[in-house]
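Participant: dropping the sequence and predicted coords here.
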Amino acid sequence: MNLFIVELQKILSRRIVWIGMTVIVSFMALWVWESIVAAEDTVVDGVRYRGLEAIRKDREIARTWEGPLTAEKLFRILDTYGIAGDETDGGLVRREGNWVSRYATDLLTDYRNREDPGAVRMLSGEALAMEEERIARNPSYFCYTQNMDFLYEAAYSMNLLLLVLTAVVLAPVFAQEHQALTAPVLLTCAKGVRETAVSKCAAALALAEGIYLLANGTLLGAYLMIYGMDGLRATNLCGIGAGIGFASLTNGQLWGINLAWGAFGMCLMCALTLFFSAKLRQSFLSLSAALACLAGGIASFYVLPVLFGFAGLRILFRLAGMCSPFPMMLAASTGAAAMPVTAGIVLWLLISCAVGIRRYWRPA
Amino acid sequence: MLELRLDRVTKRFGTKIAVDAFDHVLSEGVYGLLGANGAGKTTLMRMLCSLLLPDGGEIRFQGERIGEMGARYRRILGYLPQEFGFYPEFTAERYLTYLARLKAVPPRLLLEKLDEIWELTGLADVRKQKLRSFSGGMLRRLGIGQAILNDPDVLILDEPTSGLDPKERIRFRNIISSLGKDRIVLLSTHIVQDVEFIADEILLLKDGRLKASGTPAEVMQKARGHVWECLVDEGWAGRLEERWPVSNLKTAGDQVCLRIVSAEKPVPDAAACEPNLEDAYLFFMQEAGNGREKQGLAQNAPAGRRG
Ligand SMILES: Nc1ncnc2c1ncn2[C@@H]1O[C@H](COP(=O)(O)OP(=O)(O)OP(=O)(O)O)[C@@H](O)[C@H]1O
Ligand SMILES: [Mg+2]
């Protein structure tokens, strides 16, 4: 009998795992479909397409413009398709143009912050010079990246939910043995102490990372199936993301980094929850403590910069960011120099948790 | 020759001293730990299992501190906790297989070992059933089964017979008795008859202190001259009961036959009689107490059993 499997089954025998996964997956699926795919539309040669068909048309058009992004290319796009403003159809406001022309319009006109909703005007003078300069300063590779920013956001929200689920699912791992009074027998068995604890940790980590990879894989897979792989080649989110750091990385590489970073964050969450579970010997208390850590991490991400300004607190932000699985902005705002120190601190935290888990079997 | 040596073992919970300088040496045989609720039996046993750390004193097995032996000690240890937790979703078979794995029972011996346990516990028919469907007595038997799964040298059973029906209780008494031949068996109980017949040595615990120890005969011997029987009317019986521990009370017409544990003769026409283990228990429990103290056992004893 494999101890790892037994421990995994003990965790999985709680209904909350399945309920939690189902809720998160259905919530994400519904969200993706309702707010994304169903809302897609594009106008090509005067015909308006919707949903998946609109995506196909936009991708075809974007392919012909793929390559390094320049202001000159954006001007040519507007020359070809015209400015994409709004049209009113029986009280309904809809966007004109296709994905490419809307993209160029957003950058080269006042569409986004115009005062008069009727007229969209090209940028001129200083404003135009600034935009041209910004585009030149952040060289990016242009291709079809519809809703790529949304994908990052969705992944962020989903992973936040997964962190909460991790705490919920793993809080009982050690505590339950004490609460259900099964611990005294286990702890008096030859292999009931370290071997059991190691199996528990392995099962917990495997499960958390498994769920994490499955959920993110599904989300990314769904995006790629709907929007195609083109977006992975873009850098800098095609210029929209300019200034958030990692300028030279493609979306594909960024996703790889974020996934790994998030998996690391998940591991930390796992370690924290298991530590509390072993120390407090009470599921609900352990869950509360783990969630408090998560909330603290996220809150400090928003609150500390306001309170103290960015400069002095880079390490803290990074630590906080470990709890949020997609700390892109964070990485950019604190700079790569803080990375080794952060990694050191996080590693120390992980090891302390691992050591602290010994409280599970420490005699009272 | 096995030796489990307790040397002034003490455990405090806050200001409460649960076990107070407990000294004793255990070797092969069955030891019956007797004591009232809260006497410290469970606390003592948990310390013997390394689940609790003594605040003072030490416990040595074959001369070595058990805390330092770690897994080596657990390998020769079997423990049935007073409150035995289980996994409701596991079947009995799966539970024992799991524990056999944890107890490092060699896989080639597993099937043989399990068959032995089914035989012993009488649970063979329900081994495929989930534990959630088990009755309290069945769980108790399973608990005893898991404790002896690894053929322990030190077997610690905290109230092994509680919740068992009379037939099973007698059966398990015999099983435990046979287990004591070549290992140290320490069991706690509230039921005096349970230890009277099988314990090689009785340990009487009161407020965490060892009040008396010895074979049942020795313990009974010590109470000799302190047990009286008398026939009085009901009014008197009430007054006597307030004053001394009464190990038995039986109504005979409008008179009451009382069995009283007391240093002096309670009434002039009381007759001294041979103490049984319950009398001895009461004798030691009231000693240094306030005389009116009546501990759980007397009330547990079926009235009129030994008129
Ligand atoms: N974890 C604990 N914290 C505080 N006090 C405790 C703890 N465990 C036991 N005690 C106290 O120690 C004393 C001895 O308790 P213990 O459980 O050892 O008694 P016992 O002899 O097993 O009683 P019972 O026959 O009811 O099982 C009791 O007064 C109890 O209240
Ligand atoms: Mg007890």
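Facilitator: That came through, no problem. Ligands and ions are numbered 1, 2, ... in the order given.

Participant: outline the domain layout of the chain.
Facilitator: Defaulting to chain A. A:2-33+A:145-360, A:67-142 (automatic domain parsing).

Participant: think we crossed wires, I meant chain B
Facilitator: Following automatic domain parsing, chain B resolves into domains at B:4-214, B:222-300.

Participant: in contact with the closest residue to B:Ala147 other than its chain neighbours, which residues?
Facilitator: Nearest non-adjacent residue to B:Ala147, counting by C-beta to C-beta, 6 or more residues apart in numbering or on different chains: B:Gly78, 3.9 Å away. Placement of C-beta: from N, CA and C, glycine included. Contact analysis of B:Gly78 by C-beta atoms under 8 Å, 6 or more residues apart in numbering or on different chains lists A:188, B:146-150, B:152, B:154-156.

Participant: return the subset of the residues you listed lying in strands.
Facilitator: B:154-156 (DSSP state E).

Participant: tell me the confidence at residue 39?
Facilitator: All of this is about chain A. Note on A:Ala39: pLDDT of 78.

Participant: should've been chain B
Facilitator: pLDDT, B:Ala39: 93.

Participant: does ligand 1 have contacts with stretch B:6-14?
Facilitator: Yes. Judged by C-beta under 6 Å from any ligand atom, stretch B:6-14 comes into contact with ligand 1 at B:Phe13.

Participant: nearest to chain A: which residue in the stretch 101-250 of chain B?
Facilitator: Closest contact between the stretch 101-250 of chain B and chain A, by C-beta to the nearest C-beta, is at B:Leu102 (3.8 Å).

Participant: quick one: contacts for the closest residue to that residue other than its chain neighbours?
Facilitator: Spatial nearest neighbour of B:Leu102, excluding adjacent residues (C-beta to C-beta, 6+ apart): A:Cys189 at 3.8 Å. A:Cys189 is in contact with A:196, B:74, B:99, B:102-104, B:150, counting by C-beta under 8 Å, 6+ apart.

Participant: low-confidence ranges in chain A?
Facilitator: A:35, A:117, A:236-247, A:300-302, A:304-342 (pLDDT under 70).

Participant: from B:Gly235, how far out is the most far-flung residue of chain B relative to its centre?
Facilitator: When distances are taken from the C-alpha mean of chain B, B:Asp254 lies farthest, 37.6 Å away, according to C-alpha atoms, centre = their mean. Separation of B:Asp254 from B:Gly235 (C-beta to C-beta, to the nearest Å): 11 Å.

Participant: before we move on, what about B:Arg183?
Facilitator: Separation of B:Arg183 from B:Gly235 (C-beta to C-beta): 53 Å.

Participant: what about those two, which has more around it?
Facilitator: Comparing B:Arg183 with B:Gly235 by other C-beta atoms under 10 Å in any protein chain shown, the one with more neighbours is B:Arg183, at 19 against 9.

Participant: got the phi and psi for the more buried one?
Facilitator: The phi/psi pair for B:Arg183 (degrees, to the nearest 10) reads phi -150, psi 170.

Participant: residues touching it, list them.
Facilitator: B:Arg183 touches B:2, B:28, B:152-155, counting by C-beta under 8 Å, 6+ apart.

Participant: how about the helices in chain B?
Facilitator: Assigned by DSSP state H, chain B shows helices spanning B:41-48, B:66-69, B:71-75, B:92-102, B:107-121, B:136-147, B:166-179, B:192-198, B:216-222, B:234-243, B:277-286, B:296-300.

Participant: among these, which comes closest to A:Trp18?
Facilitator: Between A:Trp18 and the helices of chain B, the shortest gap by C-beta to C-beta is with helix B:92-102, which sits at 20.9 Å.

Participant: now the closest one: buried residues?
Facilitator: Buried residues in helix B:92-102, defined by neighbour count with 16 or more other C-beta atoms under 10 Å in any protein chain shown: B:92-102.
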